[in-house]
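Sequence below, structure please.
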Amino acid sequence: MDVLEVLKNVGFVIAGFILLIKGADFFVDGASSVAGKMGIPQIVIGLTIVAFGTSAPEAAISISSAVKGSNGISIGNVIGSNIMNVLLILGLTAVIRKLNIKKSTAFIDMPFMIMISVLLMIWGLVFGKLNLVSGIIFWTLLILFIVYLIIYSKKQGSDEEVQIKDLKAWQIILFIVGGIAAIILGSNLTVDGASYVAANVFHVSDRIIGLTVVAFGTSLPELMTSVTAARKGNADIAVGNIVGSNIFNILFVLGTSCLIINLPYKGFMIDNLVAIGAAVLLWIPAICTKKLSKGAGAVMLISYAAYFVYLLFSV
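Here you go, the predicted structure:
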């Protein structure tokens with residue numbers, strides 16, 4: 001095994017993650033500035049441009065890996081991110097500080113997240129792949145969900161304002177074009193590096209790398225945001241943000257990916273079941289106590305540890 005080649009590909013993965021995260025930030029800033037100048041309400045910007053932007057790393061990774069034939073990374077990235085978002089990120093955040101859960105999140109968003117996770121599994125088991133039809137269905141559900149969010153937010157008011165930078169025309173072009181370029185380059189570096197490391201260092205499948213290393217990398221923004229908010233005492237919005245991210249991961253990321261190319265589902269049933277179980281584990285305290293306690297957070301962390309051990313033994 002060529003040590004220098006391994007180090008180079010590990011460097012590709014790290015550089016790819018940095019480009020993905022910063023590229024998404026630049027793209028969101030540029031696109032939000034355009035929307036702000038056009039007079040589009042902050043609520044709409046937050047629920048569309050910002051939401052799509054935060055899912056851009058997962059989308060770029062999934063599309064890039066699908067085109068290159070690394071289907072394990074393509075689907076594993078989304079399912080792994082959804083498991084990690086709930087069990088690891090929310091578990092860790094709840095251990096730091098008890099989280100309150102909004103009624104709409106508990107009774108609408110979470111059941112919807114569970115429903116589409118089940119839909120993903122059923123479709124994969126019945127048809128053996130995610131195809132154009134599933135992509136159309138996912139995108140239809142995504143549009144309906146965004147419309148609901150906009151209507152609900154206008155009625156109830158938004159918890160937080162979107163920070164919109166007042167950029168000049170040349171800065172907007174630079175942010176949008178540069179952001180997209182960074183996302184594309186970052187996704188290519190990450191997929192190439194992760195695929196090499198999976199095959200030549202750990203001798204595991206793309207599925208395992210997608211469910212762990214790539215999923216962790218694309219979930220870093222959610223992890224940093226949630227933990228920082230918890231430490232500052234503003235973590236009440238963390239649950240809603242994570243649930244929204246999981247919904248976008250399935251409907252936007254996988255929906256867009258399978259509009260472009262068919263994605264074989266084989267091998268993901270257990271992981272999909274874990275994602276559904278994690279969502280239910282989050283939903284139970286949400287409907288019973290409207291809170292995520294430190295004890296519930298500890299249970300989530302233990303559950304993720306158990307899942308990680310299963311992955312190690314499934315290699």
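
Give me the neighbour count for K154.
12 (other Cβ atoms under 10 Å). All C-beta spots, glycine's among them, are computed from the backbone N, C-alpha and C.

is it fair to say it lies in a helix?
Yes - K154: assigned to a helix according to DSSP: H, G, I helix; E, B strand; the rest coil.

How much space separates it from T256?
Taking Cβ to Cβ, to the nearest Å as the measure, K154 falls 27 Å from T256.

One more: R231?
Distance from R231 to T256, counting by Cβ to Cβ: 34 Å.

more neighbours, those two?
T256 (20 against 12).

From the contact counts, what lies against whichever strand or helix holds that one?
Using DSSP states H and E, T256 sits in helix 255-260. When contacts are defined as 3 or more Cβ pairs under 8 Å, 6 or more residues apart in numbering; DSSP states H and E, helix 255-260 sits against helix 56-67, helix 132-156.

Looking at those, which is nearest to L174?
helix 56-67 (17.1 Å; Cβ to Cβ).

next helix or strand past that closest one?
helix 71-83.

Residues contacting whichever helix or strand comes after that following helix, please?
The helix or strand immediately downstream of helix 71-83 is helix 91-96, counting by DSSP H and E. Outside of helix 91-96, the residues within contact range by Cβ atoms under 8 Å, 6 or more residues apart in numbering are 99, 223, 226-227, 229-231, 235, 238, 292-294, 296-301, 303-304.

how about a cut-off of 6 Å?
Here helix 91-96 makes contact (Cβ atoms under 6 Å, 6 or more residues apart in numbering) with S226, A230, A235, A238, L292, K294, G297, M300, L301.

before we move on, what about stretch 295-311?
Stretch 295-311 is contacted from outside by L87, L88, G91, A94, V95, V274, P285, using Cβ under 6 Å, 6+ apart.

cool, and stretch 245-257?
Against stretch 245-257 from outside (Cβ under 6 Å, 6+ apart): 51, 55, 58-59, 62-63, 66, 74, 78, 81-82, 85, 113, 116, 120, 135, 138-139, 141-142, 222.

Done for today, thanks.
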